[in-house]
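# prediction below, plus the sequence it came from.
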Amino acid sequence: MEAIYLLVPIALILVIIGVVVFFWAVKSDQFEDLEGPAHSILFDDDPNDSPPTDNTEKDKPEP
Amino acid sequence: MSNPASTKGLATDCYHCGLPVPAGADYPVFIKGTERAMCCPGCQAVASTIISTGLDQYYQYRTDLAVTPKPLEDELLDELALYDRSDIQQDFVNPLDDQQTEAIFLVEGITCAACTWLIEHQLSKLEGVERCSVNLSNHQLRIQWHTEQIKLSELLAAVYSIGYKAYPYQSAAEDKLQQTENRNYIKRLGIAGAGMAQVMMYAAALYAGAFDYISGEHRDFLRWISLIIATPVVFYSARPFFSAALRNLKNRHLSMDVPVSIAILAAYFASLGSTIFGGREVYFDSVCMFTFFLLLGRFLEFRARSRMDQSSHHLTRLLPDTATLIEQGKQRLVAIRDLKSGDTILVKTAHIIPADGLVISGQSSTDESHLNGEFIPVPKALGDTVVAGSINVEHPLTIQITEVGQNTKLSGILRLLDQARATKPPIAQLADKIAQYFIATVLILATGVALAWTFIDSNQAFWITLSVLVVTCPCALSLATPTALTAATGSLQRLGLLVSRGHTLEGLASISHVIFDKTGTLTTGKLRLQHIHPLGEHNRHQCNHIAAALEAHSEHPIANAFEASPLQAFEPRVHPGQGIEGVIDGQSYRIGRPDFAFSNTVLSPPESNDPQAQWLLLANNTEPMAWFQLDDELRPDAAETVEQLSKLGLKVELLSGDYSNNVASVAKQLNISNYRSGASPMNKMTYTQALQTDGAKILMVGDGINDIPVLAAADVSVAMTSAADLTKANADAILLSSQLSHLVSAIRHARKTHRVIRQNLGWALAYNLIALPAAALGYIPPYFAALGMSLSSLVVVMNALRLSKPLAKAAASEANKSQLASA
């Protein structure tokens, strides 16, 4: 049972690290939008995944 | 992800916005190799832009149809160019360094997550845009860009070109405060949640050890670890409770925060004592769990409230940002704050009038329904006064300004708001009332017990006093109300009633009067074609088609009452305040006022039971053809709602700003005996306050800006979902579903919630009443105290969860039916 004297403090340190990371995440605006990211993960960022049909003007959006 | 536009399948629906494609409209766009029909040039332009910028996946990702956009006009680009002026920019732009600046915009037209994807991609393709992100929760767009490479107006034009509108967002001080509070809540919840999980793990070991065997050394070690974890939970996460309790004590008022704080602190310090001196029991797990759940309830309430508050900082959105100033015969676009009394301005069709003034040329009508409740636009001609915030419906007007800014009538209404807020009666909170007696009793008893035991056995006095405090721990009592309110609020939200303040439900249970606004609340606020009376040989359908073809050329709200026509009218001419004429199949027709449509003889409209209906006459060159009866349409469930409310024993009244007899006729149709018409915002407020001094508890349902003061003054207020943002921000709840009948369900549910809260409080008090004397006599073993504490809380939570069951299915299916009927 002496293992708990080592393992419990390690667990404690891990929790502290977790909390520090969590606070950093809150500070860097990651909890400002609680709805959007849940959906946006499903959207493909790379339009090249589906072959473009008539994208000749792709890089020059009309204003 | 399904695509509503493609699954609907009907070729006659616009692929972009889902509106029916009118006959003869030909605005095709090739999307992924398939030709898709669009309903208007606006949709076509937007869809083409989306395709040409390679963002066609938008149509695949979206879960909701887009909002119908307006075509991008040069005029709009001129307006946007105004935002490039540095004196206007300084209000909302935040320079980061020499080259980069950042600004926040509020985006209109976001319907689903794909919209945020579309906007982000469209903007990040532009050269000079460093970063951009759209927040789906509050529709804010944050852009960071290089001022050298791209102008602000170009960024905004890019947003407009894909069918959205973006306004500069001036973050108010309250927003900052709210953001900080939101972050603090999340951090506190994080700490409490992590702490709860950890401490419970060690508590499981301690409980197991208590029943089986654990060496004193190991037990103490686990207790010390639990103490280390519980300390930040108590002193960081639970701090809002302590500061609120202190504030209340200073004001000599005992609220629920006081017993909550005592419970947390007493349990914590009792455990601390046990840990240091080797006492019998620690309660760190209860402390953490209790803090976490209470904090979660507060956080959810805070979020609902801040969502509604967000829109309240945009007073200026009631008015446009720019106006067209006429100086020495030349038109110039200026910022609205540059306007002053005496200036001459031009207000174009469908634009909002920016200041109070007099019409000096032009003829049109203005929609003032939000300001005074009149549902038909008021005709305006030379010399008539117009008010800021109303919409110019038909034709351009030249206006000489008489009042600007704070002196306008609109600002006057908003000033009434503060007055109303100050006098709003507080909702009686049952838990707080009980808390006052309870806390006083416990404190007196604990002192008594402490004194008594110092005489009997001074060694035991401290321990027994502590156990009295812990046993009477008002956990269950504190959880009784918030859990019930959270559960009930959730089920009401699924029904379509968004409650922003938790205690609104308690107020809703005790109301005695329900007061409705008319236009936009009991009625839809839109004109509807009620009857067609053909006069000649033409049948109803033919007349309807001809009329609809003519009306298609009008911007007047009357035109919206007509459906799309298969016919097309040529050479259309709109005569403001009179009617429309046009040529169909070589024959010329006129529709409008009787004397305009057919001036040869005087005709009077057919007999009708509705004296206030609007009558339009359709005629050709030789004879009158048909009468069209139009009326502001009652909501389909209005009558039933009024009846049900009366059955619940509530007095229903109608309070409208509309001067016309239409108010009386609506009241008669709905069986409302108490009604008032022509009530100004001030009248509405004083009337309500007079009822309140007679002891009435009032639920006000409204939608207009003229309702804002009375909504703020009423005990409980509900805004319709179509209401102005500012109106919604000042209501206690928003009826998202637009189904009035849901109000009935809400009141029933509120009453049920009230019963559950009483049961919960009763149970919690009964438990304490039994446990307290036993603890005072020193009979309660610590493990039993801990068990009792958890069990009584559990009972309270389970009882509250009964409220989260979905509300009566009947109401929902009825809503569907009426929606189908009206569609």
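On my side now, so go ahead.
# list the contacts for the spatially closest residue to B:Arg36 that is not a sequence neighbour?
Nearest residue to B:Arg36, sequence neighbours excluded (CB to CB, 6 or more residues apart in numbering or on different chains): B:Tyr15, at 3.7 Å. In short, each C-beta sits where N, CA and C put it, glycine included. Applying CB atoms under 8 Å, 6 or more residues apart in numbering or on different chains to B:Tyr15 gives the contacts B:Ala5, B:Val29, B:Ile31, B:Arg36, B:Ala37, B:Met38, B:Cys43, B:Ala47, B:Tyr59.
# farthest pair within those?
B:Ala37 and B:Tyr59 (13.7 Å; CB to CB).
# more neighbours, the two?
Ranked by neighbour count (other CB atoms under 10 Å in any protein chain shown), B:Ala37 and B:Tyr59 place B:Tyr59 first, with 21 against 18.
# look up how far chain A lies from that one.
As defined by CB to the nearest CB, to the nearest Å, B:Tyr59 lies at a distance of 12 Å from chain A.
# repeat that for B:Ser738.
B:Ser738 sits 22 Å away from chain A, going by CB to the nearest CB.
# contacting residues for that residue?
B:Gly496, B:Arg635, B:Met720, B:Thr721, B:Ser722 are the contacts of B:Ser738 under CB under 8 Å, 6+ apart.
# just the buried ones from these?
Buried by 16 or more other CB atoms under 10 Å in any protein chain shown: B:Gly496, B:Arg635, B:Met720, out of those.
# show me where chain A has helices.
A:4-27, A:36-40 (DSSP state H).
# got the phi and psi for B:Pro624?
When quoted as degrees, to the nearest 10, the phi and psi of B:Pro624 stand at phi -70, psi 140.
# bridged to it, which residues?
B:Ala619 (DSSP bridges).
# next one: the one 5 residues further on
Using DSSP bridges, the beta-bridge partners of B:Gln629 come out as B:His531, B:Trp615.
# how near is it to B:Ala547?
Distance, B:Gln629 to B:Ala547, by CB to CB, to the nearest Å: 12 Å.
# so between these two, which is more surrounded?
Comparing B:Gln629 with B:Ala547 by other CB under 10 Å, the one with more neighbours is B:Ala547, at 27 against 18.
# next SSE downstream of the host helix or strand of the more buried one?
B:Ala547 is part of helix B:540-551 when elements are defined by DSSP states H and E. Downstream of helix B:540-551, the next assigned helix or strand under DSSP H and E is strand B:570-575.
# list the neighbouring strands of that following strand plus their orientation.
When sheet partners are counted by DSSP bridges, strand B:570-575 sits next to strand B:579-584 (antiparallel).
# okay, buried residues for the partner strand please.
For strand B:579-584, the neighbour count (16+ other CB under 10 Å) marks B:Gly579, B:Ile580, B:Glu581, B:Gly582, B:Ile584 as buried.
# check stretch B:237-244 too.
Residues B:Ser237, B:Ala238, B:Pro240, B:Phe241, B:Phe242, B:Ala244 are the ones in stretch B:237-244 that count as buried (16+ other CB under 10 Å).
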